[in-house]
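**Student:** Based on what follows, work out the 3D shape:
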Amino acid sequence: MPGKHVIGIFADFRREDEGEYVCPRCTVFGLEKEEVQSMIEQGLKITDHNKEDEGYEVNSSIFKVMRTLGKSFGFEIADVKCTDAPNERKTLVYTLTKDV
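**Tutor:** Numbering: from 1, shown residues only. So this is what the prediction gives:
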């Protein structure tokens, strides 16, 4: 997309109990190195277990990650999709964009 920086965030949710949902980590695709460094400096725990493929694992709720990306870099939600995942989980895929 001309003039847009696009990233994707994947998160698995599972229901623990009525009204209790768990999302302990998410994976972010499309980040630039400066964005990763800033997120680490803000206290988010980020790893890259598969350096050959794109994507960073973040040990935090997807909502905290999106809030950080919005406040720090101006990302906004452009789209969200929900799909089924193994073991009675759901995967949410958020697409975030910002003007460049």
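
**Student:** Just give me the longest helix of the chain.
**Tutor:** Ranked by residue count and defined by DSSP state H, the top helix of the chain is helix 62-73.

**Student:** Can you mark which positions in that helix are buried?
**Tutor:** Ile62, Val65, Met66, Thr68, Leu69, Phe73 (16 or more other CB atoms under 10 Å). No exception for glycine: its C-beta is placed from N, CA and C like everyone else's.

**Student:** what about the protein, any weak spots by pLDDT?
**Tutor:** 1 (pLDDT under 70).

**Student:** those helices in it, which residues are they?
**Tutor:** 33-41, 62-73.

**Student:** Same list (those helices) but as JSON lines, adding distance to Leu92.
**Tutor:** As requested, these are exported to JSON lines (distance: least, CB to CB, whole Å):
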{"stretch": "helix 33-41", "distance to Leu92": "19"}
{"stretch": "helix 62-73", "distance to Leu92": "7"}
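
**Student:** of those helices, which approaches Cys23 most closely?
**Tutor:** Nearest of the helices of the chain to Cys23, taken as CB to CB: helix 62-73 at 5.7 Å.

**Student:** Within the sheet, what are the partner strands of the longest strand seen in the chain, with directions?
**Tutor:** Assignment by DSSP state E gives strand 4-17 as the longest strand of the chain. With DSSP bridges as the test, strand 4-17 is paired with strand 20-22 (antiparallel), strand 26-29 (antiparallel), strand 89-99 (antiparallel).
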